[in-house]
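>>> Sequence and predicted structure are below.
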Amino acid sequence: MVQIVGKYEHESSEGLEEYLTTAGGIENAEVAKVFAQGKPVLEVSQSGDQWVITVTNEGKSSTTKFTLGTPYDETMPHGVVLKSVTTRDGDKFTTVSDLPDGNQSVRVYEFSDAGITVHLSDKKHGVKAVRTYKRV
């Protein structure tokens, strides 16, 4: 099994700007463009049953704490608070979030020795994006 705990730097994004404006709750195209061009760093840690993911981007950071299978409030970097649930299947975390417009976002985090590939999709529009991070 792959080591999930660690620090990861953003390498690339595909389709993120469209995903953010269509399904991600960022209606302003310029804000979505700036966000999509960001180079966030993710730090994943674990304490007992609780997982902690801290995202740092351009001097700002946000921390999400959760227990697998238990609903929690997740504050996104652009300030929107989502109701989310994260589950684990082997080396993958799947987070399902209720969006403010009634849509649902699904993020699948595939952990490997090299890093993380995050697959983003939504249930209403079918728009998808991929973000890739390298382990540091």
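Good, I have the coordinates. Numbering: from 1, shown residues only.
>>> in what helix or strand does the residue most central in space within the chain lie?
Centrality entry for the chain: nearest residue to the mean C-alpha point is R107, 6.2 Å, by C-alpha atoms, centre = their mean. R107 is part of strand 104-111 when elements are defined by DSSP states H and E.
>>> Next: V44.
strand 41-47.
>>> Please, where are all the helices along this structure?
In the chain, the segments counted as helices under DSSP state H are 16-22, 29-37.
>>> From what I see, the residue nearest to the centre of the chain and L99 are in contact.
No: counting by C-beta atoms under 8 Å, R107 sits too far from L99 to count as a contact (11.9 Å). No exception for glycine: its C-beta is placed from N, CA and C like everyone else's.
>>> ok, back up a step: list the pairing partners of the strand holding V44 within its sheet, with orientation.
Strand 41-47 pairs in its sheet with strand 6-14 (antiparallel), strand 50-57 (antiparallel), by DSSP bridges.
>>> before we move on, the earlier item: out of the helices of the chain, which is closest to G90?
Closest approach to G90 among the helices of the chain (C-beta to C-beta): helix 16-22, 25.0 Å.
>>> buried residues in that closest one?
16-22 (16 or more other C-beta atoms under 10 Å).
>>> and the two most separated of those residues?
Top of the distance list for the buried residues of helix 16-22 (C-beta to C-beta): L16 and T22, 10.8 Å.
>>> Who are the contact partners of the closest residue in space to E11 that isn't next to it in sequence?
With sequence-adjacent residues excluded and distances taken as C-beta to C-beta, 6 or more residues apart in numbering, E11 is closest to T132, at 4.7 Å. For T132, the contact set (C-beta atoms under 8 Å, 6 or more residues apart in numbering) comprises 10-13, 115-118.
>>> For ChimeraX, write the select line for the buried members of those residues.
Listed next is the ChimeraX selection for buried residues among the contacts of T132, using 16+ other C-beta under 10 Å:
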select :10,13,115,116,117,118
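>>> farthest-separated two in the contacts of T132?
Using C-beta to C-beta, those span at most 13.5 Å, a distance reached by S13 and G115.
>>> where does this protein have its least confident helix or strand?
For the chain, counting by mean pLDDT, DSSP states H and E, helix 29-37 ranks last in confidence among helices and strands (a mean of 70).
>>> That's all I had, so thanks and see you.
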